[in-house]
Each structure stands twice: as C-alpha cells, then as structure tokens.
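*Asks:* Sequence first, predicted model second:
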Amino acid sequence: MKDDTRTKLAAVSTATLTTVLFKRGFRNVFLALHPVGHGAPNMVGPAYTLRTIPAREDLDHLEVFKDPDHPQRKGVEECPPGAVFVIDSRGDARAASAGGILITRLRARGVAGAVTDGGFRDSPEIGAMGWPAYHATPSAPTNLIHHHCVDLNVPIACAGVGVHPGDIMVGDGEGIVCIPAHIADDVAAEAFEQTVFEDFVQERVAAGHTIRGLYPMTDAANKPIYEAWRKANGR
C-alpha cells in the first residue's frame, strides 16, 4: 500500500468509506465491531488472516501452545509490520480469540491492529494500550475451549464480511471497513476529497445554511464559496 494511500485512509471515516464503496457497487464491506477501549488512533493496514473452526477436546488442550507452528502463535510472530491481524472466530465470543500477551506482541512487532468477530480476553488491559483492537464483546475463557485455529492468510469471513489477504482494513470509532486491495488507492483519494467537502458542509450547516443545493451541491452559487473555503483553509 502506498504511503499516501495509508495517510489518506487514516484521515477519513468509515462512514465516508462505505459511501464511496457503495458508489462502486460494494454493499457488504462494514464490520460492525467495537474498539477495545478508547483513545487509539484510526487503524489502517492490509489484512493478514487467521481462520478457526469449532474446537474438539482431543485436539485443543494447553499442550498445543508448545508447538511453535500452532497457527495462532505462528500468526502472531509472522504477521507483517503495518498489517492488521484479522481473526475469523465465526462470530463466537464464548471463548477469547486472543489475550493481552499476544496483543502486546503484535503491537511490539509493529502490527497496525487486531480484529476479531469474537472477543478478546484481558480487554481492560488491551483497551488501556491506546492501540487499535476491535472485537464483538469481551471474553475471558481461553480460545481452546471453542476455537481450533487451522489456517493463516487465507480468505475468511469476519463479522459477516468476506476478507481476503491483503484487503485494506480501516477502523475508527464506529467499526471497520474492508476495502478490496485493487481499488484502495482510488477509494482513498475519493474519500479524502469527500471528507474535505463534508467538513465544509458541516461548517456551513452549523452556521445556519440550508442543506438544499449544498448537500449535494446542486446550486452552482455554492461552488466558488467552497473553493474559497478550501484555499483559506489549505485544503
């Protein structure tokens, strides 16, 4: 991903991104998951995925964590810096997808964020890190109770959205948008321009201006006002 694309995506909202993607025919791109805690920056990075299936008692016991190739532990050590670790927990938060130690390791390695459609354990500590992590709800039990980790960096479902390795994940306080990698540059550019325009509209509406002819801009008289505003604000 280009640095300019990452910078622009970090400055736009998931709300704006869903509209830009809808204009391109993409409707199912929003992961309705919650940030763990508050105060983390927006999340941007390509997806690195982990897939799980339901656990089985003869396969999922604490001894499996001694294997360095256990998919969960291997993924934590191999997820590339700048990527987002995305876990398909099948929407099941009865057991955790990961906990504070693994999240700390991801953060220390320069990973851009972590996402699960299940839950994280140690969520109060994770929430205090100021690092982008998203889940459905906190979950204290160990992942082995309900999750068997099987695959790394394969297409997955997360929160009802198809996520392919390399898709660009963008998260803010409302949730996460999954952007197909091949259109990320164009989506970022359009969303950035849309954000500038909506900042102008927000300011005008707050000052008492009607939305008619402004949002959308169908009144040509508003265009020079907008251009003057951009120039004055360095936008």
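*Replies:* Happy to help now that I have it. Numbers count the residues shown, from 1 in each chain.
*Asks:* SS state for residue 204?
*Replies:* Here residue 204 is recorded as helix under DSSP: H, G, I helix; E, B strand; the rest coil.
*Asks:* Would you state the strands of the protein in chain order?
*Replies:* Along the chain, the stretches classed as strands by DSSP state E are 30-31, 34-35, 43-54, 84-88, 96-98, 113-116, 119-120, 133-135, 147-152, 156-158, 161-163, 168-172, 175-179.
*Asks:* just so I know, which of these lies nearest residue 201?
*Replies:* Of all these, strand 168-172 sits nearest to residue 201, with 19.2 Å by C-beta to C-beta. Just so you know, the C-beta spots here come from the backbone N, C-alpha and C atoms, and that holds for glycine as well.
*Asks:* In the sheet, which strands lie alongside the closest one, parallel or antiparallel?
*Replies:* Applying DSSP bridges, strand 168-172 is found paired with strand 43-54 (antiparallel), strand 175-179 (antiparallel).
*Asks:* Can you give me the neighbour number for residue 225?
*Replies:* Neighbourhood size, residue 225 [other C-beta atoms under 10 Å]: 15.
*Asks:* Do you know the pLDDT at it?
*Replies:* We have a pLDDT of 94 for residue 225.
*Asks:* do the same with residue 1
*Replies:* On the pLDDT scale, residue 1 is placed at 87.
*Asks:* List the contacts of it.
*Replies:* If you count contacts by C-beta atoms under 8 Å, 6 or more residues apart in numbering, residue 1 has them with 45, 46, 82, 168, 181, 184.
*Asks:* What is the neighbour count of the residue lying closest to residue 119 once chain neighbours are set aside?
*Replies:* Nearest residue to residue 119, sequence neighbours excluded (C-beta to C-beta, 6 or more residues apart in numbering): residue 139, at 2.9 Å. Residue 139 has 25 neighbours, counted by other C-beta under 10 Å.
*Asks:* Residue 139 reaches residue 96, doesn't it?
*Replies:* Yes: with contact defined as C-beta atoms under 8 Å, residue 139 reaches residue 96; the gap is 4.5 Å.
*Asks:* Give me the common contacts of those two.
*Replies:* Applying C-beta under 8 Å, 6+ apart, one finds that residue 139 and residue 96 are jointly contacted by 118, 119, 120, 121.
*Asks:* The last one: neighbour count?
*Replies:* Residues lying near residue 121 (other C-beta under 10 Å) number 22.
*Asks:* For residue 208, see how far away it is.
*Replies:* According to C-beta to C-beta, to the nearest Å, residue 121 and residue 208 sit 49 Å apart.
*Asks:* and if you look at residue 38?
*Replies:* Distance, residue 38 to residue 208, by C-beta to C-beta: 32 Å.
*Asks:* again, but for residue 152
*Replies:* Shown here: residue 152 relative to residue 208, a distance of 54 Å by C-beta to C-beta.
*Asks:* Residue 74 contacts residue 68, doesn't it?
*Replies:* Yes: between residue 74 and residue 68 a contact is recorded at 6.7 Å, counting by C-beta under 8 Å.
*Asks:* Comparing the two, which shows the higher neighbour count?
*Replies:* Legend: neighbour count by other C-beta under 10 Å for residue 74 and residue 68, higher for residue 74 (15 against 8).
*Asks:* By mean pLDDT, flag the weakest helix or strand of this structure.
*Replies:* Ranking every helix and strand in the chain by mean pLDDT, DSSP states H and E puts helix 222-233 at the bottom, with a mean of 94.
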